[in-house]
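Asks: model this:
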Amino acid sequence: MSDGNESHYCLRQPAIVMNFLFVHNNFPAQFRFVAEHLAGDARNRVVAIGAAGSRELPGVQLARYFFDDLGRASVHPFARRFDREARRAEQVLYVLNSLDNIAFIPDVVVGHSGWGETLPLRAKYPNAHFVAYCEYFYRGRGGDVHFDPEFPALGVDGLTHLRAKNASQLIALADCDAGLSPTPWQRSTYPQEFQGKIAIAHEGVDTIAVRPNPSATFRLPTGSMLNAGAEVLTYMARNLEPMRGIHVFLRALPEVMRRRPNAHVVVVGGHDVSYGSSSPDGRSWKDVFFSEIESYIDPRRVHFLGVVSYADYLTLLQVSRVHVYLTYPFTLSWSLIEAMSTGCLIIASDTAPLHDAITHGQNGLLVPFFDIDRLAGAISECLSRPEAGLSLRQAARATAVNRFDRRQALSAQLRVMLPARK
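Replies: I've put the predicted structure just below:
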């Protein structure tokens, strides 16, 4: 492990012969590796419940539910989210009742607490060991809300609505035997009185599959080829939106491209909204902010690829000379850890979630989120001197292997899900 190039975790837990139930509207999501591991023992019964878009895993019996997410105008605005969550919980309960037909009674139930799916779990299975996945607790200070002065502050009504978004999570925390949060900072967003109930266990990445490849090449839609080692700047997010700093990144590009006339910029991400609100005029946030800078750059060197396959995404990380990751104080993206695992030179925002993965000057560089000049300067400097970033790349890879590998993560998750085996 010390070389940061391989993972050699060897799980030696005694044989586990139990019934496991996973509940996640987008299964497998954070439960992929642990569900795969448990299903690998044919003596276990592993069942999952998810919404229509959930994906199957070998050995896991997946039951999908249908959820009508249409709003209800008659519901008070403060209660609309909880109304949706209650209706989602009802659909989950229908599936739970159907499991009676196959005589399935779980010993361990693991559910994401954020969408209401956990509401019926304790009532249905009072004797099960119930683990709630605790991703993020909404609050008016110290998180994503009111972080960015470019966007309107919430009034009392807005803050009341925000607090109400935590209702089902609070019920889950009261009901569960234990909670799981992926990082220390994400756990810290929860009320102090519950934090002692929440363990820290990242879901992990496969650092053997997600690794550097000095021979990697990527063909752009224009037909041009990008090779590992070329002057390539990458930015990736599920969707290109302010929560993940697309406005800050794009505003840094004119100076970067002026100073680095041969650099190519590759941007991956959809044009919808995953977090926060849509733009006031209905345009995508990418179009809103790119229109600010378009006349100041060479658009032939900026490539917006939209949503790409996972294989293409990894290849782009492998050819990247500099990778930028920005976020409000919010959940830490898998893409950051995977970028570290591929040995990217990371330039990231100096925001609280990053402190759980990046130490400035040791395994990456941190810049203030809103300081566009410093971001542009750091990017330009790292693009111009790739050899100077070698130690940062190696340390980023070592961090991913030593702290976020799926095998290490699995051990931590099983300690929570199987408390008798601690």
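Asks: and the strand or helix carrying Ala132, how far out from the chain's middle?
Replies: Assigned by DSSP states H and E, Ala132 belongs to strand 129-133. Strand 129-133 has its C-alpha centroid displaced from the chain centroid by 19 Å (C-alpha atoms, centre = their mean, to the nearest Å).
Asks: what do you get for stretch 388-400?
Replies: How far stretch 388-400 lies from its chain's middle: 21 Å, per C-alpha atoms, centre = their mean.
Asks: Give the next helix or strand downstream of the strand holding Ala132.
Replies: Downstream of strand 129-133, the first helix or strand assigned by DSSP H and E is helix 156-164.
Asks: just checking, what packs against that next one?
Replies: Applying 3 or more C-beta pairs under 8 Å, 6 or more residues apart in numbering; DSSP states H and E, we find helix 156-164 packed against helix 80-99. Using the backbone N, CA and C atoms, a C-beta is placed for each residue, glycine as well.
Asks: tell me the average confidence for whichever helix or strand comes after the helix it packs on?
Replies: Downstream of helix 80-99, the first helix or strand assigned by DSSP H and E is strand 108-112. The average pLDDT within strand 108-112 is 98.
Asks: now do stretch 362-379
Replies: The average pLDDT within stretch 362-379 is 98.
Asks: what do you get for stretch 265-274?
Replies: pLDDT averaged over stretch 265-274 gives 96.
Asks: Please point out which parts of that stretch sit buried.
Replies: Val265, Val266, Val267, Val268, Gly269, Val273 (16 or more other C-beta atoms under 10 Å).
Asks: coming back round to it: neighbouring contacts of the strand holding Ala132?
Replies: 24, 30-31, 107-114, 118, 121-122, 169, 172-173, 175-181, 416-419 (C-beta atoms under 8 Å, 6 or more residues apart in numbering).
Asks: Could you do stretch 208-220 as well?
Replies: Stretch 208-220 has contacts (C-beta under 8 Å, 6+ apart) with 5-7, 225-229, 264, 266, 303, 312, 314-316, 318-319, 338, 341-343, 393, 397, 400.
Asks: are any of those buried, and which?
Replies: When the contacts of stretch 208-220 are checked for burial by 16+ other C-beta under 10 Å, the buried set is 7, 226, 228, 264, 266, 303, 314-316, 318-319, 338, 341-343, 393, 397, 400.
Asks: List the ones among those residues that fall in helices.
Replies: Counting by DSSP state H, the buried ones among the contacts of stretch 208-220 place Leu314, Thr315, Leu316, Gln318, Val319, Glu338, Ser341, Arg393, Arg397, Ala400 in helices.
Asks: you'd agree the fifth one is up against Val232?
Replies: Yes: in terms of C-beta atoms under 8 Å, Val319 counts as a neighbour of Val232; the distance is 5.5 Å.
Asks: Just name the closest of the ones in helices among the buried ones among the contacts of stretch 208-220 to Arg187, please.
Replies: Nearest to Arg187 out of these is Ala400 (C-beta to C-beta; 20.3 Å).
Asks: contacting residues for that closest one?
Replies: With contact set as C-beta under 8 Å, 6+ apart, Ala400 has these partners: Val205, Thr207, Val210, Ile337, Glu338, Met340, Ser341.
Asks: could you point out where the stretch 301-422 of the chain is predicted with low confidence?
Replies: 420-422 (pLDDT under 70).
Asks: now the strands for it?
Replies: With DSSP state E, counting those that start in this stretch as the criterion, the stretch 301-422 of the chain has strands at 302-306, 322-325, 346-349, 365-367.
Asks: Might one say that Val367 is in contact with Ser349?
Replies: Yes: counting by C-beta under 8 Å, Val367 touches Ser349, with 6.7 Å between them.
Asks: now the buried residues of stretch 265-274 in JSON lines, with distance to Gly196?
Replies: As requested, the buried residues of stretch 265-274 are exported to JSON lines (distance: C-beta to C-beta, whole Å):
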{"residue": "Val265", "distance to Gly196": "45"}
{"residue": "Val266", "distance to Gly196": "44"}
{"residue": "Val267", "distance to Gly196": "41"}
{"residue": "Val268", "distance to Gly196": "39"}
{"residue": "Gly269", "distance to Gly196": "37"}
{"residue": "Val273", "distance to Gly196": "35"}
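Asks: List just the nearest of those to Ser188.
Replies: Proximity of the buried residues of stretch 265-274 to Ser188 was ranked by C-beta to C-beta; the top entry is Val273 with 25.9 Å.
Asks: got the contact list for the closest one?
Replies: If a contact means C-beta under 8 Å, 6+ apart, then Val273 has Asn239, Glu241, Trp285 as its contacts.
Asks: now do 7 Å
Replies: With contacts defined as C-beta atoms under 7 Å, 6 or more residues apart in numbering, Val273 is in contact with Asn239, Glu241.
Asks: hang on, isn't Gly179 packed against Lys197?
Replies: Yes: using C-beta atoms under 7 Å, Gly179 is in contact with Lys197, at 5.4 Å.
Asks: how does this structure divide into domains?
Replies: Taking automatic domain parsing as the reference, the chain has its domains at 19-204+406-421, 217-404.
Asks: what's the residue closest to the geometric middle of the protein?
Replies: By C-alpha atoms, centre = their mean, the mean C-alpha position of the chain lies nearest to Ser333, the distance being 3.3 Å.
Asks: Which one of the ones in helices among the buried ones among the contacts of stretch 208-220 is nearest to Val248?
Replies: Leu316 (20.3 Å).
Asks: right, and that closest one touches Thr234 too?
Replies: Yes: proximity of Leu316 to Thr234 meets the contact threshold set by C-beta under 7 Å, at 5.7 Å.
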